Every structure is written in C-alpha cells, then in structure tokens.
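Enquirer: next input, structure requested:
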Amino acid sequence: MDDIFNDAKDRVLSVFGQSVLLTFADNTTLEAKGVIKKELVELGQYEAIAGEITVLSIDSSIKLKRGDSVVANGITYEIDRKIKDDGYLARWNIYDC
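Expert: Presented below is the predicted three-dimensional model:
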C-alpha cells in the first residue's frame, strides 16, 4: 500500500512540480521538484482574518529547516515553518527574500 502513495507523490511532483534549488544552512545545495502556490489561511487569535501565504510542497524525505532558501523561476524564497507532513509530501510556509 505504501508503494501506491509513493507513486502518487512522484506523479504529483512530476506533473505539477517545478525545478527548485534548495540551499541549506551549511551552503550545500540540492535540486528537486516542488510545487509553489499561494493559499488562504485563517489568522489571528480567533482565526477571524484570512491571509495569504506562499506554500512549498516537497518530498518529505528532504529535511528543511527555518532559514534554508529556495530558488524557483528566478525568485528566492526563505523557509519559514513546516505546515504539514503526511510522510510523503511536506508543506512549508515560505516567503520572498
């Protein structure tokens, strides 16, 4: 069953993903496939305000940390925090540098 989800993850990234260049804190780099998109989320103490964030979805086996950077389409983003990880794809909040 696990193979089915791994195949689905690979297909999602190959169809919807784009090449991204990841730069880690130790200045090593890795080229990977990722999906970058804008999402609306609830913000504030009572989640009464909607705000827009930029999200990077990437293979969860790639270990990112806050402060690492991502370059896609000539735009540099910085990793902020992990939003969700289902064991196949990890979703990270990123922002323009």
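Enquirer: any idea which strand is longest in this protein?
Expert: strand 29-43 (DSSP state E).
Enquirer: name the strands paired with that one and say parallel or antiparallel.
Expert: Neighbouring strands of strand 29-43 in its sheet, by DSSP bridges, are strand 18-23 (antiparallel), strand 49-59 (antiparallel).
Enquirer: kindly export the shortest one (C-alpha atoms) in PDB.
Expert: Listed next in PDB are the C-alpha coordinates belonging to strand 18-23 (Å, rounded to 0.1, in the frame of the first residue of the first chain):
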ATOM      1  CA  GLN A  18       8.800  22.700 -11.000                       C
ATOM      2  CA  SER A  19      12.600  22.600 -10.500                       C
ATOM      3  CA  VAL A  20      13.600  24.300  -7.300                       C
ATOM      4  CA  LEU A  21      17.100  24.800  -6.000                       C
ATOM      5  CA  LEU A  22      17.400  24.300  -2.200                       C
ATOM      6  CA  THR A  23      20.200  25.900  -0.300                       C
END
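Enquirer: of all the residues in that strand, which ones are buried?
Expert: 20, 22-23 (16 or more other CB atoms under 10 Å). In this view, the C-beta of every residue, glycine as well, is placed from N, C-alpha and C.
Enquirer: beta partners of the most centrally placed residue in the chain?
Expert: Nearest to the mean C-alpha position of the chain, counting by CA atoms, centre = their mean, stands residue 56 at 2.2 Å. Taking DSSP bridges as the rule, residue 56 bridges to residue 36, residue 92.
Enquirer: cheers, nothing more for now.
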